[in-house]
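**Q** Just need the structure, nothing else, for what follows:
(one chain, ligands or ions: 2)
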Amino acid sequence: MEYSKECPFCKDTRFNNNRLVNLPTEDSILFENDTIYVQVDISPLCLGHILIITNKHYLNFFETSNEIKKDVIKLKENIKKVYKEVYNSDVLFFEHGSAKPGYAGASIDHAHLHCIPYKFDIKKALNDTLGNSIECDILSSSCQFNNKFSYIYLESSQDSKILYKVEKLPSQFLRRLVSEKLGNHNYLWQEKCTTVDSITNLEQTILDLKNKIFI
Ligand SMILES: [Zn+2]
Ligand SMILES: [Zn+2]
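**A** Ligands and ions are numbered 1, 2, ... in the order given. Model (predicted):
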């Protein structure tokens, strides 16, 4: 499958890949305002896998405006409540923040925060691979992070808010790690998104969360 070369998270081109493989487009958008939108991942790692995405093209959330950060903070609170209600679960938030395109293991260098129901401890696996983390809220104005580095950001009620400074990571690094934890070894979205499992999760996540995500 030859996927679109254009950014799949920029507004004008965001449904290119969904269209190509005949997956829901507008329907997969769960929330939208002037700064951000929430979309079901094109190839959910599990039920409830959604993304908070900036409307404008930024490399990562650290470099976004305060207005965007405030909206993301509000959305996160809403998503925590909704996941409790719908999935009886906490939320695992993670971001692969690239300082340069192609770094930090993101396959798409447009700021997006992954949200998935929390079912496992990912911190240990990250510590083993990436070394020590620092406590840091990427959305806080007091964050002392130096934007010259790429980072992996992780947040859950269990692990609080932590950041790993990273050098170049393989593409879809976090997808692979999370997939392994979930016992699924098919992690590449390009291959997974047309499987029955993935399509079922995508459609069910839309049904589960439609009209529930708001600020
Ligand atoms: Zn973009
Ligand atoms: Zn991603």
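**Q** Going along the chain, name the helices of this structure.
**A** Taking DSSP state H as the criterion, the chain contains helices spanning 16-20, 66-87, 123-130, 173-181, 189-192, 196-209.
**Q** Tell me which of those sits nearest to Tyr103.
**A** Proximity to Tyr103 (C-beta to C-beta) singles out helix 173-181 among the helices of the chain, at 10.5 Å. Bear in mind the C-beta positions are built from the backbone N, C-alpha and C, glycine included.
**Q** Contacts only, for Lys124.
**A** Lys124 makes no contacts at all, as judged by C-beta atoms under 8 Å, 6 or more residues apart in numbering.
**Q** Up against ligand 1, what does the chain have?
**A** Residues of the chain found near ligand 1 (C-beta under 5 Å from the ion) are 7, 9-10, 57, 110.
**Q** Give the buried subset of these as a ChimeraX selection command.
**A** Applying 16 or more other C-beta atoms under 10 Å to the residues of the chain next to ligand 1, the buried members can be selected in ChimeraX as follows:
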select :9,10,110
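**Q** picking that back up, out of the helices of the chain, which gets nearest to Cys115?
**A** That would be, of the helices of the chain and by C-beta to C-beta, helix 66-87, which comes in at 5.4 Å.
**Q** list the buried ones in the closest one?
**A** Residues 68-69, 71-72, 75-76, 79-80, 82-83, 87 are the ones in helix 66-87 that count as buried (16+ other C-beta under 10 Å).
**Q** Pull up the gap between Tyr3 and Lys11, please.
**A** Here the criterion is C-beta to C-beta, to the nearest Å. By it, Tyr3 lies 18 Å from Lys11.
**Q** now do Asp208
**A** On the measure of C-beta to C-beta, Asp208 and Lys11 end up 25 Å apart.
**Q** Who has more neighbours out of the two?
**A** When Asp208 and Lys11 are compared for neighbours, Asp208 comes out ahead with 19 against 13, by other C-beta atoms under 10 Å.
**Q** Contacts only, for that one.
**A** Applying C-beta under 8 Å, 6+ apart, the residues near Asp208 are 47-48, 86-87.
**Q** Quick check: of the residues you listed, which lies closest to ligand 1?
**A** Closest approach to ligand 1 among the contacts of Asp208 (C-beta to the ion): Gly48, at 23.9 Å.
**Q** Just list whatever residues bridge to His112.
**A** Applying DSSP bridges to His112 yields these beta-bridge partners: Ile53.
**Q** Wait, it touches Ile52, no?
**A** Yes. In this structure, His112 is within contact of Ile52 by C-beta atoms under 8 Å, at 6.7 Å.
**Q** quick one, what contacts the residue positioned nearest the centre of the chain?
**A** Geometric centre of the chain, nearest residue: His114, 1.8 Å, by C-alpha atoms, centre = their mean. By C-beta under 8 Å, 6+ apart, the contact set of His114 is 41, 49-51, 92-95, 174.
**Q** Please produce a markdown table containing these, extended by pLDDT and neighbour count.
**A** Formatted as a markdown table, the contacts of His114 follow (pLDDT from 0 to 100; neighbours: other C-beta atoms under 10 Å):
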| residue | pLDDT | neighbour count |
| --- | --- | --- |
| Asp41 | 97 | 23 |
| His49 | 97 | 22 |
| Ile50 | 98 | 27 |
| Leu51 | 98 | 22 |
| Leu92 | 94 | 25 |
| Phe93 | 95 | 21 |
| Phe94 | 93 | 20 |
| Glu95 | 93 | 25 |
| Leu174 | 89 | 21 |
